[in-house]
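Trainee: Return a 3D structure for these sequence lines:
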Amino acid sequence: MIVKVRLHGILKDKIEFEKKPDSGMIDIEMPDEAVVSDLLPALGLPKALVGLILVDSCQVSFDYKLKNGDSIELFSPMCGGK
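Mentor: Numbering: from 1, shown residues only. This next block holds a predicted model:
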């Protein structure tokens, strides 16, 4: 299956692809039974760097089962404020 991934914040600088598309979306081929946590090694990202996962604009967890055509957005953990 193919999923589309968009990385936000510092995550954009943590991966290396021969050609990063201008849209910021990366197509990744994954096995049929893959979950979000299986996607991270394919991107070369440690789990600790991912704080928020959205699939088709809905928040999900690392054990969410991916579906063909899913649009995934990964955000680094956020902190700060007073």
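
Trainee: Least confident secondary structure element in the chain?
Mentor: Each helix and strand of the chain was given a mean pLDDT (mean pLDDT, DSSP states H and E); the minimum falls on strand 25-29 at a mean of 89.

Trainee: Which elements pack onto that strand?
Mentor: Using 3 or more CB pairs under 8 Å, 6 or more residues apart in numbering; DSSP states H and E, the elements in contact with strand 25-29 are strand 2-7, helix 36-43. For the C-beta atoms, the positions are set from N, CA and C on the backbone; glycine is no exception.

Trainee: Need the per-residue pLDDT for the most centrally placed residue in the chain.
Mentor: Nearest residue to the geometric centre of the chain (CA atoms, centre = their mean): Leu74, 4.2 Å. What the model reports as pLDDT for Leu74 is 94.

Trainee: before we move on, which element is it in?
Mentor: strand 71-75 (DSSP states H and E).

Trainee: buried ones in that strand?
Mentor: Using 16 or more other CB atoms under 10 Å as the test for burial, strand 71-75 gives Ile72, Glu73, Leu74, Phe75.

Trainee: ok, residues contacting that strand?
Mentor: 3-9, 11, 25, 36, 39, 45, 50-57, 66 (CB atoms under 8 Å, 6 or more residues apart in numbering).

Trainee: Selecting buried members of those in ChimeraX, what would you type?
Mentor: In ChimeraX, this line selects whichever of the contacts of strand 71-75 come out buried by 16+ other CB under 10 Å:
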select :3,4,5,6,7,11,36,39,45,50,53,55,66
